[in-house]
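[1] can't give you the sequence, but here's the structure:
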């Protein structure tokens with residue numbers, strides 16, 4: 001007889017009867033009573049009044065009865081903690097029972113009773129069970145540690161259970177290992193303090209891989225998930241792990257296969273992408289993924305959602321498997337739509353003919369949603385494969401001729417995108433589209449058609465009539481249609497102002513006076529003011545050339561895609577959302593793909609050993625062979641402490657010029673010491689009244705994009721350099737274009753030619769919400785490590801946030817390195833000019849300078865280029881100037897200015913000739929800004 005009879009009783013006064021039966025001497029009657037109590041509890045009746053009586057039934061040898069009592073205890077112990085404490089002795093005794101099933105049952109139940117008082121008594125029995133001789137007890141105890149950690153994390157850490165749990169990873173029984181891994185994964189998901197104790201190492205991973213072959217499917221999934229979270233030391237270890245995981249791809253269970261795929265996908269990031277091993281892995285990943293598509297529809301759907309992510313990350317894995325994604329007649333709609341999405345992602349020039357034939361077939365199906373998506377897919381193919389665009393447009397026109405309403409509407413929506421992608425190519429079909437105006441009833445299709453009419457109004461003779469027909473029901477239209485109609489009519493007016501004036505006034509009036517929608521009203525007012533104040537400006541704004549649309553507009557953002565790849569075979573990969581978007585009540589640690597040892601892909605060949613520069617080099621700046629190498633070894637946690645293993649050399653002792661050298665200046669410089677202007681002070685000596693230096697403004701270049709969002713996983717960095725109050729600053733703007741907040745920002749520089757490094761940590765708004773920017777000024781000093789870069793002004797930067805570490809290079813404008821101590825005495829200037837060999841002098845021309853000698857002198861002085869003297873020779877103004885770099889290198893300059901001419905001649909003299917191009921560039925930038 002089944003136990004269903006226990007659920008049918010609805011007698012009154014039942015509690016009293018159950019109490020009597022529970023205290024009966026007959027074991028059978030007692031068991032029946034406990035079953036009735038459990039049945040009542042299951043259907044929602046309150047039987048907590050029987051707590052003490054049920055607890056008395058614990059002391060029995062009958063395993064079935066014990067299980068029922070333990071079930072009751074788990075449910076009601078929280079409401080009766082004081083009475084529940086009575087049961088502790090029985091638990092402790094059961095943990096030493098000869099029967100391993102009872103020992104395991106006792107420790108499992110104690111772990112499920114979430115009462116602090118009982119938790120204290122659980123420690124000793126749990127410690128014994130973790131070392132029990134029976135593997136069933138050990139594997140149960142392993143899971144119990146995770147449950148206990150959830151109740152009281154501190155207790156678990158203090159009692160040393162984490163170490164005991166880690167010891168179980170070396171257990172001889174694979175199921176114990178699997179449970180230990182499951183428990184460790186659970187603990188690491190919620191605790192940051194447990195990380196050091198439970199951190200995996202290569203030895204532990206080897207043990208897990210050994211246990212992998214003998215585990216159940218459930219255990220294999222847990223072990224593979226744990227391996228996927230391990231970061232291998234190097235490429236060799238990653239390859240070794242991949243080799244041992246690859247056989248799991250042939251497993252019959254879909255969860256095991258997807259978990260193995262996850263491990264390999266993550267480790268492929270570490271391996272050399274151009275190597276033979278990665279090519280082999282790509283070939284091995286394809287068959288198991290294809291096999292998953294022969295399972296039942298539900299598993300197919302999960303597999304397809306995961307494949308969608310894999311194809312976006314590595315399209316080459318399934319590039320030759322297009323046919324398996326062709327839709328079958330009996331596929332459920334959710335499988336059909338997902339297959340269609342993957343087909344588009346795999347479409348290329350080689351298979352486009354196949355794909356188009358399929359899509360055309362799908363467009364005649366009976367399922368409306370599927371047909372719509374098929375038509376849209378044809379448009380996406382046209383945008384993705386340019387060579388097939390004409391064939392796609394022809395197919396869409398054939399579909400429009402079917403006159404099936406929803407097919408026509410979808411076709412018009414995608415044709416609008418095709419016009420955006422290939423301007424002035426397929427506009428001849430507009431007449432065919434206009435024939436179907438009356439059938440359009442969906443907002444997106446109407447808006448697309450209106451956009452086409454407005455955009456190509458000059459080619460449509462009756463464009464005004466067509467737009468006027470839409471205007472009749474303006475108030476009843478969807479907002480999307482209203483906005484398009486307003487823009488289209490304004491475009492039409494700008495193209496044909498004479499015969500559309502009344503129409504544009506009508507639409508502006510409807511948008512600004514009769515509409516409640518703020519977006520529509522604002523756009524109407526902007527157009528109205530533009531048209532009334534400056535029609536030329538209106539034309540530039542409204543008829544501006546539009547950017548071409550991109551190939552794939554529905555790709556998952558790179559940062560999110562990397563995170564979802566780490567969650568393959570979990571719910572996140574089906575939802576295409578990170579776990580924290582749908583799991584509440586606990587912090588979920590974000591995961592990201594490991595980075596190749598060489599940083600960004602493609603720079604692996606730049607990590608050559610850096611050869612230390614010779615102790616003394618004549619070029620002052622030490623040399624280097626490596627570009628990115630040093631950045632990759634940096635600990636990005638803020639600026640490095642003051643380090644300077646070698647300072648830049650000062651100018652070598654003066655070398656007498658050879659007697660045969662010709663002084664190109666002739667006697668010009670000697671005369672500097674005689675008459676001629678003194679040091680140039682444009683305030684006529686008044687600057688002394690205000691102190692030694694009046695506030696001047698040096699040139700700051702405009703900000704440039706240093707790290708595009710595409711390379712920074714959503715983080716865009718723009719910046720420039722400035723010099724203020726004798727200090728160098730890096731002006732930075734961080735923009736978050738990702739879908740998640742960014743935080744924990746830090747910055748570090750590679751060794752560079754001038755020893756630039758941050759003088760203080762990066763101070764930036766944190767967290768930085770999506771679609772927001774934050775700016776900061778980072779003070780720099782020149783006390784960092786030095787090595788010669790190519791070109792000299794290159795600065796390599798590493799920026800860290802919670803998503804990852806990103807690398808970029810920028811150029812330091814040379815003028816920010818000009819110091820305020822660069823002004824020389826006339827005698828020193830003359831002596832230095834003569835000492836520097838004549839062959840070190842270079843000349844260049846600065847063109848199109850709209851300044852005279854005085855304003856040039858002031859502009860240069862503001863940027864620490866000091867005019868020592870000014871002379872007029874044969875009608876030309878001659879400015880003699882000096883400047884000094886932060887590393888002590890001095891540069892002497894002569895600037896010839898012919899009044900009325902815009903081309904100046906610049907002569908430079910210095911012992912270090914490498915810097916000439918940068919000094920010339922600095923003069924040019926300062927004088928043109």
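    Structure received. Because the structure is a prediction, the values reported are computed rather than measured.

[2] contacting residues for the closest residue in space to residue 115 that isn't next to it in sequence?
    Of all residues not flanking residue 115 in the chain, residue 81 sits nearest, at 4.7 Å (CB to CB, 6 or more residues apart in numbering). C-beta here means a position set from N, CA and C on the backbone, and glycine is covered the same way. For residue 81, the contact set (CB atoms under 8 Å, 6 or more residues apart in numbering) comprises 115, 116, 117, 118.

[3] which of those residues are buried, as a PyMOL select command?
    With 16 or more other CB atoms under 10 Å as the burial test, the buried ones among the contacts of residue 81 are selected in PyMOL as follows:
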select buried, resi 115+118
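
[4] show me what stretch 199-218 is in contact with.
    In contact with stretch 199-218 (CB under 8 Å, 6+ apart) are residues 166, 169-170, 174-175, 177-178, 181, 219-220, 223-224, 226-227, 229-230, 232-233, 237, 241, 244-245, 248, 251, 253, 255-256.

[5] sorry, wrong one. I was asking about stretch 175-193.
    Outside stretch 175-193, the residues touching it (CB under 8 Å, 6+ apart) are 135, 138-140, 142-143, 145-146, 149-150, 153, 156-157, 162, 165-166, 168-171, 194-195, 198, 207-208, 211, 215-216, 218-220, 222-223, 225-226, 229, 586-589.

[6] go on, stretch 280-298?
    242, 246, 249-250, 254, 257-258, 260-261, 264-265, 268, 271, 299-300, 303-304, 307, 310, 314, 316-318, 320-321, 324-325, 331-332, 334-335.

[7] 7 Å instead, please
    242, 246, 249-250, 254, 257, 261, 264, 268, 299-300, 303, 307, 314, 316-318, 321, 324, 332, 335 (CB atoms under 7 Å, 6 or more residues apart in numbering).

[8] with stretch 57-72 instead?
    Contacts for stretch 57-72 (CB under 7 Å, 6+ apart): 22, 27, 30-31, 34-35, 37-38, 41, 54, 87, 90, 101-102, 105, 109.

[9] repeat for stretch 817-832
    669, 672-673, 726, 754, 863-866, 868-869, 880, 882-886, 890, 892.

[10] and that stretch, which residues are buried?
    Quick answer for stretch 817-832 (16+ other CB under 10 Å): 817, 818, 819, 822, 823, 824, 826, 829, 830, 832.

[11] mind telling me what element the last one is part of?
    Secondary structure from DSSP states H and E places residue 832 in helix 826-835.

[12] how far away from the center of its chain is that helix?
    Counting by CA atoms, centre = their mean, to the nearest Å, helix 826-835 is centred 56 Å from the centre of its parent chain.

[13] repeat that for stretch 323-332.
    Distance of stretch 323-332 from the chain centroid (CA atoms, centre = their mean) equals 34 Å.

[14] pLDDT of the strand or helix carrying residue 397, averaged?
    Using DSSP H and E, residue 397 falls within helix 389-401. In this model, helix 389-401 has a mean pLDDT of 88.

[15] contact partners of it?
    By CB under 7 Å, 6+ apart, helix 389-401 touches 356, 360, 363, 375, 378-379, 381-382, 407-408, 411, 414-415, 418, 422, 426, 429, 432, 436.

[16] tell me which of those residues fall in helices.
    356, 360, 375, 378-379, 381-382, 407-408, 411, 414-415, 418, 432 (DSSP state H).

[17] I'd like the distance between residue 49 and residue 905.
    Residue 49 sits 105 Å away from residue 905, taking CB to CB, to the nearest Å as the criterion.

[18] the more surrounded of the two?
    residue 905 (16 against 13; other CB atoms under 10 Å).

[19] how about the strands in this protein?
    Taking DSSP state E, the strands of the chain run over residues 704-707, 715-724, 727-736, 746-749, 757-758, 773-781, 794-800, 805-811, 842-846, 866-873, 876-884, 890-897, 904-909.

[20] let me have these in CSV, extended by distance to residue 560 and mean pLDDT.
    Formatted as CSV, the strands of the chain follow (distance: least, CB to CB, whole Å; pLDDT from 0 to 100):
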stretch, distance to residue 560, mean pLDDT
strand 704-707, 18, 92
strand 715-724, 13, 92
strand 727-736, 13, 93
strand 746-749, 22, 91
strand 757-758, 30, 92
strand 773-781, 20, 92
strand 794-800, 19, 91
strand 805-811, 16, 90
strand 842-846, 49, 89
strand 866-873, 54, 86
strand 876-884, 49, 89
strand 890-897, 50, 90
strand 904-909, 52, 90
